[in-house]
Structure formats: structure tokens, C-alpha cells
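The following comprises the amino acid sequence and a computationally predicted model.
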Amino acid sequence: MSNRPRILTGDTPTGKLHLGHWVGSVRRRVELQESHDCYFILANMHAFTTRSDKTDEIRADTLEIVRDLLAMGIDPERASIFLQSEVPAIAELTFLFAMLLPYNRVMRNPTLKDEIRVKNLGDSYSFGFPLYAVGQTADILAFRPVSVPVGEDQVPHLELTREVARRFNQMYCGVSDQAEDDDHVAEGGVFPVPRADVGAVGRLVGIDGENKMSKSLNNAVYISDTAKQVQKKINKIYTGRQSATEPGDPTNVLMQYCEIFIPDADRVAEIKDQYARGADIGDGHIKQELGAAINELLEPMRERRAKYEGDDAFVIDVLREGTRRANAVTEETLAMAKEACSLGFFDRTLELS
Ligand code: ATP
Ligand code: MG
């Protein structure tokens, strides 16, 4: 294990990765792998919360997301991509942490409420569905990370995680309830109180211009889309504008995308200015320019991705190695946590084959 500061973040295999993942989290992960010990979870057990009847799809998406991460520049030699389902310490910590959170506190989590609404779960969601919010605190704390690079929607989950860390340290490790968050470990706590590290674009809106770009909402431009598919999706963006001389809303989804994906800031300023004035600049033209910029970003990713296409054995090797490293850290955390809760009866070792 290295001495570099650790981070943990990851994805639920409910579909392939999209531009929202790139700007919201993965771009930051690629930077951090230079300086931090990085762990990227594939939350395949949490995918069961909404898809327990489609386990073959969860498995296929798990492998595709690994390909997406490699395509975007995650280096499996430096960062560990691992399977939640093969890290038992996470499940065990989930049980301990579930005792530290009032039931109503979990149900008040706005991200959870939002998911219930957006995914039309009504009141028919399983008992396991809200449990995933508790599980996510364990995903994170099992690594005792300093920070968690995530999109904006994850901030409430991080708040819950910070509460669990504080409560555990206070209840079982003698940390004072007056302790500053940054002092918990120095005062004997098992868990640091980790920070949410929200990227410059915390929430990329989907091509519907309404909801967060999301793999479950059919409004995403995928990392693995072909150049043609990308352009087609961009062309579908609806702005309600009728002609090139009608003043446009410089804050609409089309303009937001230009700002995020067209690298030349002067050109973006020029487009926005002409757009706001309705100075003879058509949506069609802008969409072409935007599509080209997005394709320029994605092209090297497509090239890298092509190398792993169809090679499940390689992807599984990446996961095995990442999971082996994840277990080394999380078994250590679990042993510390068990010791603190008077559960430290025996040592154990885990082995993957
Ligand atoms: P689902 O709809 O199944 O929840 P998702 O698209 O939200 O899928 P997650 O696996 O939940 O993807 O999220 C992985 C990470 O990517 C999280 O840190 C999340 O905040 C970030 N992320 C996802 N979508 C966006 C987005 N549109 N903008 C910014 N960040 C995002
Ligand atoms: Mg999500």
C-alpha cells in the first residue's frame, strides 16, 4: 500500500458512461491518479436496487464501464477499478453503519427522493433501495479517503457519509463531539470525515435540456457513441428558436454545451453574443460546430476503447487486480472498525482466485 492520500469514487452499472460522467467526475479522476491512491468502485450490488431482474445486463454494463474508464484515460496500473460484490468489508460495514443512522434521516436524503421521482419508483421500491444510501457511506468509508470526486447530485450522500464517520468515531473511538472534522483521525477516530470534491461542471444537463444527463433517462451522449450518433443527438437538442435572427437564450442547453465542450473561449463568447442578439447564427450551424468539438474530445477515447472491445478476459483481469488491492485496504479498515466495536475476535485473510 502506498502512502499517497486515498480517494474513492465510482459508478453504478446501470448503463454506459456519458459526457456527464466525464465532466462531473472522470476528468478529475484522470488528474488525481497522478497524485493520489485512487479506488474506483463498480457498485454492481447497488445496481440490484432497480434491476434485480436483469442481472445479465448488470454484468454486461459492469464490463462496459471498465472499458469506458480505460478509454477516458484511467490507468489500471496506477488506479484500482474494483467490484463492490467482491469486497465483503463493504457489506459488513453497511450493517454497522445502518445502526448509526435514524431511518427517517436516510429517507430525507434529497437525492434518494429525486431518484424515486425521476425513475418512477412510486412507493413500490424495495427495502434494499434506501439501503443503498447507507451502503454508499460504507463504499466510501471502507477506504478512509480524504475526498470523493463526484457530481453535484452526490453531495447529499457525502453529507450522510460525513455524519456516519463522525458518529462512529464519537460512539466507538472516544472522539469528542466538539472535534473539528479534520481532527477526527488525530483524536483516535477510525474514519476521516471526507470532503466532496465537485468538479467545475457539477451537473451536466441531458440533451432533453431538463434532467441531469443520466444513463437511466435516455438523454445521454455516451463515450462509446459513434461520431454520427453524437451529431444526431446534438441535432435533436430543442431550443424552441425559430430562426437565425431570433434572439436566443444564452443560458439554454445548447449554449451550456458550447461553453463546456468548445475549447476556444473566444469562439464561445462570440457564439453566445451573436446568439443572444439573433445576429444571423442558426441553431443548425452551432450544433454542427458543437458536435465537431465533442467528437474531437471523444475520438482518442474511441481509439483507446477499440483495443478492449470484445476482450472480456482482459477487463476481468483489470477488475481482479483492482479488487485485490481494494480488499487489502478495506480489510484493514474493517479490522480497525471491528476492534473499535468490540468485535475484534480473530484475524482473517481474504484471497481472490
Ligand atoms: P443513474 O441514473 O443510474 O443514477 P448516473 O448517470 O447518475 O446513473 P452514477 O453512476 O449514478 O450515474 O454516477 C456516477 C458519477 O457521475 C457520480 O459522481 C455522479 O455525480 C456523476 N454524474 C453522473 N451524471 C452526471 C451529470 N449529468 N453531470 C455531472 N456529474 C454526473
Ligand atoms: Mg446517479
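Noted; the coordinates are in hand. Numbers count the residues shown, from 1 in each chain. Ligands and ions are numbered 1, 2, ... in the order given.

Show the contacting residues for the residue of the stretch 1-150 of the chain found nearest ligand 1.
Checking the stretch 1-150 of the chain residue by residue against ligand 1 with Cβ to the nearest ligand atom singles out residue 24 as nearest, at 2.1 Å. (Each C-beta comes from the backbone N, C-alpha and C, glycine too.) Going by Cβ atoms under 8 Å, 6 or more residues apart in numbering, residue 24 touches 150, 151, 152, 199, 201, 202, 203, 204.

and the next element down the chain from the one helix or strand in the chain whose mean pLDDT sits lowest?
Sorting the helices and strands of the chain by mean pLDDT, DSSP states H and E puts helix 110-118 at the bottom, at a mean of 88. Scanning forward in sequence from helix 110-118 by DSSP states H and E, the next helix or strand is helix 128-141.

for the stretch 151-300 of the chain, what are the low-confidence residue spans?
Screening the stretch 151-300 of the chain residue by residue with the criterion pLDDT under 70, one finds no matching range.

what does it have sitting close to ligand 1?
By the rule Cβ under 6 Å from any ligand atom, the part of the stretch 151-300 of the chain lying against ligand 1 is 151, 153, 154, 202, 203, 204, 212, 213, 214, 215, 216.

Run through the residues that contact the third one.
If I follow you right, that is residue 154. Applying Cβ under 8 Å, 6+ apart, one finds that residue 154 lies in contact with 111, 148, 196.

Can I get the residues you listed in CSV including neighbour count?
Compiled in CSV, these are given as follows (neighbours: other Cβ atoms under 10 Å):
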residue, neighbour count
111, 18
148, 24
196, 20
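
Please enumerate the helices of the stretch 1-150 of the chain.
In the stretch 1-150 of the chain, the segments counted as helices under DSSP state H, counting those that start in this stretch are 19-21, 27-32, 48-51, 55-72, 88-98, 103-107, 110-118, 128-141.

The residue of the stretch 101-250 of the chain found nearest ligand 1: what's its closest spatial neighbour, skipping adjacent residues?
Closest approach of the stretch 101-250 of the chain to ligand 1 (Cβ to the nearest ligand atom) occurs at residue 151, with a separation of 2.4 Å. Once its chain neighbours are removed from consideration, residue 151 has its nearest residue in residue 24; the separation is 3.5 Å (Cβ to Cβ, 6 or more residues apart in numbering).

tally of neighbours for residue 178?
Around residue 178 sit 8 other residues, with neighbours defined as other Cβ atoms under 10 Å.

likewise residue 231?
Using other Cβ under 10 Å, the number of residues around residue 231 comes to 18.

mind checking the SS state of it?
helix (DSSP: H, G, I helix; E, B strand; the rest coil).

Please tell me I have it right and it contacts residue 291.
Yes. The pair residue 231 / residue 291 is scored as a contact, 4.0 Å apart, by Cβ atoms under 8 Å.

The longest helix belonging to the chain: which residues count as buried?
Under DSSP state H, the helix in the chain containing the largest number of residues is helix 312-340. Residues of helix 312-340 classed as buried under the neighbour-count rule (16 or more other Cβ atoms under 10 Å) are 315, 318-319, 321-323, 325-327, 329-331, 333-338, 340.

Could you do stretch 228-247 as well?
Buried, per 16+ other Cβ under 10 Å, within stretch 228-247: 230, 231, 233, 234, 237, 239, 241, 244.

what about the fourth one, which helix or strand?
Spelled out, that is residue 234. helix 227-235.

Could you check the angle the least confident helix or strand of the chain makes with helix 128-141?
Using axes from the mean of the first three to the mean of the last three Cα atoms, to 10 degrees, one finds that helix 110-118 and helix 128-141 are set 140 degrees apart in direction.

which residues touch helix 110-118?
With Cβ under 8 Å, 6+ apart as the contact definition, helix 110-118 has outside contacts at 106-107, 121-122, 125, 129-130, 133, 153-154, 156-157, 211, 214, 216-217.

just the buried members of these?
106, 129, 130, 133, 153, 154, 156, 157, 211, 214.

what's near enough to touch the last one?
So the one you mean is residue 214. 18, 20, 118, 206, 220.

Among those residues, name the buried ones.
Buried residues within the contacts of residue 214, counting neighbours by 16+ other Cβ under 10 Å: 18, 20, 206, 220.

Run through the residues that contact the second one.
Taking Cβ under 8 Å, 6+ apart as the contact definition, residue 20 lies against 151, 203, 204, 206, 212, 213, 214, 220.
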